[in-house]
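**Student:** Starting from these lines, generate the structure:
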Amino acid sequence: MNIQAFTVDDLHEIVDALSTAVDAKDPYTHGHSERVAHLAIAIARTMGMTREQQSILHIGAHLHDVGKIGVPDAVLCKPGRLTDEEYAAIKMHSMIGYNIVRKVRILHPVATIVRSHHERMDGRGYPDGLQGEEIPMEARIVAVADSYDAMTSQRLYKVCVSPAEAVNEVKRCAGTQFDADVVEAFNQLFASGALTIEQSA
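**Tutor:** Modelled structure (predicted):
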């Protein structure tokens, strides 16, 4: 490929390939990054974010779990409750991902999304314990999309819930775990029937 002809579309294809590689590491999360990116963009459009913000968000959503490459398979795919040490290892994926993504200059705007998608509005998230407006808006959107898909996807260690139950749980956590404005946009999408996400089996 002629490097002079490298485009944003090419970048998105590379990012999609990377996120697919992460999903392949754990067959129970197959397609997770794609679904999170799809829902995140739908939320962003509902909130009136710019095209540039949506592009950054789309890439960040695809790469939000890239750090799971550095989590041992025995922990990532464990069919049961994690020990405190194993949970600590899982939580490292956001920092591992951040350190991977920030090595690529063109992806610097995306790195904070990867790092902060498990932060909470009440400051009880990780890895930095950010609170409220300290958390990048794109990361707040990915947090909602990620949690919804995790709840409605079948995993080794849990039974999935229905979309309606997951929506209610997201709404319940508005203002504590999730940004209330993001939750409002998320709820509008489902209340209007504007968004349907294919659930993993």
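**Student:** What is the burial count for the spatially closest residue to E165 that is not a sequence neighbour?
**Tutor:** Excluding the flanking residues, the one nearest E165 by C-beta to C-beta, 6 or more residues apart in numbering is M151, at 7.5 Å. For glycine as for every other residue, the C-beta is placed from the backbone atoms N, C-alpha and C. Residues near M151, counting by other C-beta atoms under 10 Å, number 18.
**Student:** Touching, M151 and V161? I think so.
**Tutor:** Yes - counting by C-beta atoms under 8 Å, M151 does reach V161; the two are 5.3 Å apart.
**Student:** Quick check: neighbours shared by those two?
**Tutor:** Counting by C-beta atoms under 8 Å, 6 or more residues apart in numbering, the contacts common to M151 and V161 are E169.
**Student:** that older thread, now the helix or strand hosting the residue nearest to E165, how far from the centre of its chain.
**Tutor:** Element membership for M151, per DSSP states H and E: helix 137-152. Distance of helix 137-152 from the chain centroid (C-alpha atoms, centre = their mean, to the nearest Å) equals 5 Å.
**Student:** So which elements touch it?
**Tutor:** Under the contact criterion of 3 or more C-beta pairs under 8 Å, 6 or more residues apart in numbering; DSSP states H and E, helix 137-152 touches helix 32-46, helix 51-63, helix 108-116, helix 163-172, helix 180-191.
**Student:** how close does the residue nearest to S162 when sequence neighbours are not counted sit to C77?
**Tutor:** Closest residue in space to S162, ignoring its immediate chain neighbours: T152 at 7.3 Å, by C-beta to C-beta, 6+ apart. For T152, the distance to C77 equals 19 Å [C-beta to C-beta, to the nearest Å].
**Student:** Please say which of the two ends up with more neighbours.
**Tutor:** Taking neighbours as other C-beta under 10 Å, T152 and C77 compare with T152 leading, 19 against 16.
**Student:** I'd say P163 and F190 touch.
**Tutor:** Yes - contact criterion C-beta under 8 Å: P163 and F190 qualify, at 7.4 Å.
**Student:** ok, those two, which is more surrounded?
**Tutor:** Each of P163 and F190 has its neighbours counted (other C-beta under 10 Å); F190 has more, 19 against 15.
**Student:** Contacts only, for that one.
**Tutor:** Counted by C-beta under 8 Å, 6+ apart, F190 has contacts P163, V167.
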